[in-house]
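Undergrad: pasting the sequence and the predicted coordinates here, then a few questions.
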Amino acid sequence: MATQSNANSPGRVALFVYGIVAYMAFNVVVTYAIGFLGNFLVPVTVDEGRTAATVWAGAVDIVLLVLFGLQHSVMARPRFKAWMTRLIPPPIERSTYVLISSVALALVMWQWRPIPVVVWRLESIPAQTVLYGLFALGWITTFYATFLTDHNELFGLRQVYDWLHDRPRPPAKFQAASLYRFVRHPIMSGQLVAFWAAPTMTAGHLLFSSVMSAYILIGIHFEERDLGAALGDDYQQYRSRTPKLIPRIPRGR
C-alpha cells in the first residue's frame, strides 16, 4: 500500500487531478448515454448505428452488457476494493472504479449493434409526451438522488480532496433524507424509469432495458448485503420500513 506523502506534494496533486479527470469522464459518458438511450443528439444510439444480422447483434449486445455488469458489480465489492488498494493508493480507489465503469459503458455504446424490430410504437402525441417526460424525470431523479447522500464521495472527489489536504475521512454514517425516506434506491428507480420510458421500443432497446434492469436487481442484492454489514442495525431497520424501488409514503414510527 502506498505511504502518505506531505500535504500538497506533487503526488497528492496528481491523485487529485486523477480524481477530477475520472469525474469528468463519467459526466461525458453519462451525458452521451442519455442521448444514446433517447435517440437524440448523438451519432450512435440504441436504435441507430452499426448494422448486423439479428442473432449476431443480439449476441454482441448481450456480451457487452454482461461485461459491463460484471465490471460494475465485482469492482464494487469490499473484497475487490481491499485487493485493489494493495495495488493503487486508497484515495483513488473510488475514482478508479468511476473511470473504469465509464470506459465500460462507453464500450457498450461504441460497439452496440441495433436491433430495429419494433416491439411497440405509440402514435399518440400526448402518450409520447408523457413517456418523454418520464424519461427526463428518470434521469433527473437519478442525478438528484446522488446529492442526497454525498455526491462528491460517491464519485471519488471527496476522497482525493481530503487526501490533497491531509484530512482524515470520518466514519460512514447512515441517514435517510428526501427521496430516501420513500424508497431505498432512488438512483436505481430513476434509471429503471429512464430505461423503459420509450414511445418506440425496439428489440434492441428492449434487450438493453431488460439486461440492465436484471443487473440492477442483482446489484441491489449485493449492495444491501454490504450496507447491512457496514452500517448494522440502523440500515436493517431502514430496510424493513422502506420499499426497495417503488416509492410509498413512509409509515409512522
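TA: Sure thing, it's come through.
Undergrad: am I right that residue 119 falls within a helix?
TA: No: under DSSP: H, G, I helix; E, B strand; the rest coil, residue 119 sits outside any helix and is assigned strand.
Undergrad: distance check, it against residue 192.
TA: Distance, residue 119 to residue 192, by C-beta to C-beta, to the nearest Å: 17 Å. The C-beta positions use only the backbone N, C-alpha and C, and glycine is treated the same way.
Undergrad: check residue 49 too.
TA: To residue 192, residue 49 is 23 Å away according to C-beta to C-beta.
Undergrad: which strands and helices lie in contact with whichever strand or helix holds residue 145?
TA: Taking DSSP states H and E as the definition, residue 145 sits inside helix 125-146. Counting by 3 or more C-beta pairs under 8 Å, 6 or more residues apart in numbering; DSSP states H and E, the packing neighbours recorded for helix 125-146 are helix 10-38, helix 186-196.
Undergrad: helix or strand right after that helix?
TA: helix 151-154.
Undergrad: got a list of contacts for that next one?
TA: 94, 146, 157, 158, 159, 161 (C-beta atoms under 8 Å, 6 or more residues apart in numbering).
Undergrad: whichever strand or helix holds residue 237: which residues count as buried?
TA: Taking DSSP H and E as the definition, one finds residue 237 inside helix 233-241. Going by neighbour count (16 or more other C-beta atoms under 10 Å), the buried part of helix 233-241 is 235, 238.
Undergrad: stretch 95-113 too?
TA: Residues 95-99, 101-102, 104-106, 108-109, 112-113 are the ones in stretch 95-113 that count as buried (16+ other C-beta under 10 Å).
Undergrad: again with stretch 81-96
TA: For stretch 81-96, by 16+ other C-beta under 10 Å, it's 81, 85, 89, 90, 91, 92, 93, 94, 95, 96.
Undergrad: residues touching the last one, list them.
TA: This points to residue 96. 22, 84, 88, 156.
Undergrad: these two touch, right, the last one and residue 23?
TA: Yes: using C-beta atoms under 8 Å, residue 156 is in contact with residue 23, at 6.7 Å.
Undergrad: taking the contacts of helix 151-154 one by one, which sit in helices?
TA: 94, 146, 157, 158, 159, 161 (DSSP state H).
Undergrad: which of those residues lies closest to residue 139?
TA: Using C-beta to C-beta, residue 146 is the member of the ones in helices among the contacts of helix 151-154 that sits closest to residue 139, with 11.4 Å.
Undergrad: and the closest residue to residue 135 other than its chain neighbours, how close does it get to residue 129?
TA: Nearest non-adjacent residue to residue 135, counting by C-beta to C-beta, 6 or more residues apart in numbering: residue 197, 4.1 Å away. Distance, residue 197 to residue 129, using C-beta to C-beta: 11 Å.
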